[in-house]
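Trainee: structural data only, the sequence is not supplied:
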């Protein structure tokens, strides 16, 4: 029932999203089959809405997986250096292959993201006292180091502006023919659902999972693979969106528990719904101009993150 209600809400908001924007668009234009308006829908509005839904699903599910494999509710792509690693991968692609396609850039971003995720996991495993707040602080420091290194080379290569453009989450430039790469995250989400029960066991600790016959390291690597693939394709398509993968899984788990198989559909639908709501707010806040969705989600998500931190003290 909850999944059905969230699906209906998501479809309703997606419909509203199609009609929000600088260019006026009404249901009458569609009924009368106005060619210019129909072209606007298929070239801009539908690709943008689909990208929002897929990005919301992908980042929320990625956050859930990272929280399970690290056994910490405050770990997400935002607090584990994942976004900064993707930025470093983009920098490497623009430095060594400046005229490369989006697919090549996504490949570079994926490789750097996966490597950084493995490194972060090794650091977490070596921490003796795993305080619930200490782990994400380590991740933020790790991300800050990666960001500093990337910024240093970006300044020397004179591509700071290009890097900043990639890293600011913004769906205004999503058009037909320029967003299809984001569909790559769907197999990763599907694979996450298949391994949902195993991720639940991994979240209970290495000894517990191993005693049940689970290949702990393999499941961890599969989870990181899914996260890296999802994050890299979303960043290539729309840029970095902070805190989404942190806030949504936490809110859902507070209400429905930590069974990944049970909560995964709810996390996916809630993430997509939250992202569309933030996008609509960003488009209406200073109409006819637009607030980048990365800023909108960052403000709302940051406030919720701070609230969660204070409530867990």
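Mentor: Great, that's in hand. Quantities reported herein were computed from a predicted structural model and do not represent experimental measurements.
Trainee: mean confidence for the helix or strand hosting residue 121?
Mentor: Using DSSP states H and E, residue 121 sits within helix 102-126. Helix 102-126 shows a mean pLDDT of 86.
Trainee: mind starting the numbering at 299 from now?
Mentor: Let's use 299 as the start, then, which means that last one is helix 400-424.
Trainee: kindly provide the distance from residue 484 to residue 559.
Mentor: 18 Å (CB to CB, to the nearest Å). C-beta coordinates here come from the backbone N, C-alpha and C atoms, glycine included.
Trainee: residue contacts, residue 348?
Mentor: Residue 348 makes contacts with residue 477, as judged by CB atoms under 8 Å, 6 or more residues apart in numbering.
Trainee: and if we set it to 10 Å?
Mentor: With contact taken as CB atoms under 10 Å, 6 or more residues apart in numbering, residue 348 is in contact with 312, 472, 477-478, 480-481.
Trainee: filter the residues you listed down to the buried ones and hand me the PyMOL line.
Mentor: Only the buried entries of the contacts of residue 348 go into this PyMOL selection, using 16 or more other CB atoms under 10 Å:
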select buried, resi 312+472+477+480
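Trainee: between which two of the contacts of residue 348 is the distance greatest?
Mentor: 312 and 478 (18.1 Å; CB to CB).
Trainee: hmm, back to that, now the contacts of residue 348 in CSV, with secondary structure, pLDDT and distance to residue 301?
Mentor: Below are these laid out as CSV (DSSP: H, G, I helix; E, B strand; the rest coil; pLDDT from 0 to 100; distance: CB to CB, whole Å):
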residue, secondary structure, pLDDT, distance to residue 301
312, helix, 87, 16
472, coil, 79, 27
477, coil, 78, 26
478, helix, 81, 27
480, helix, 85, 23
481, helix, 87, 22
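Trainee: mind listing the strands for the stretch 449-598 of the chain?
Mentor: Counting by DSSP state E, counting those that start in this stretch, the stretch 449-598 of the chain has no strands at all.
Trainee: which elements pack onto the strand or helix carrying residue 307?
Mentor: Counting by DSSP H and E, the element that carries residue 307 is helix 300-316. On a contact count with 3 or more CB pairs under 10 Å, 6 or more residues apart in numbering; DSSP states H and E, helix 300-316 meets helix 325-329, helix 344-368, helix 558-583.
Trainee: go through these and pick out the most buried.
Mentor: Each of those was assessed for mean neighbour count using mean count of other CB atoms under 10 Å. The highest is helix 344-368, with a mean of 27.
Trainee: what angle do helix 300-316 and that one make with each other?
Mentor: Counting by axes from the mean of the first three to the mean of the last three CA atoms, to 10 degrees, helix 344-368 lies at 140 degrees to helix 300-316.
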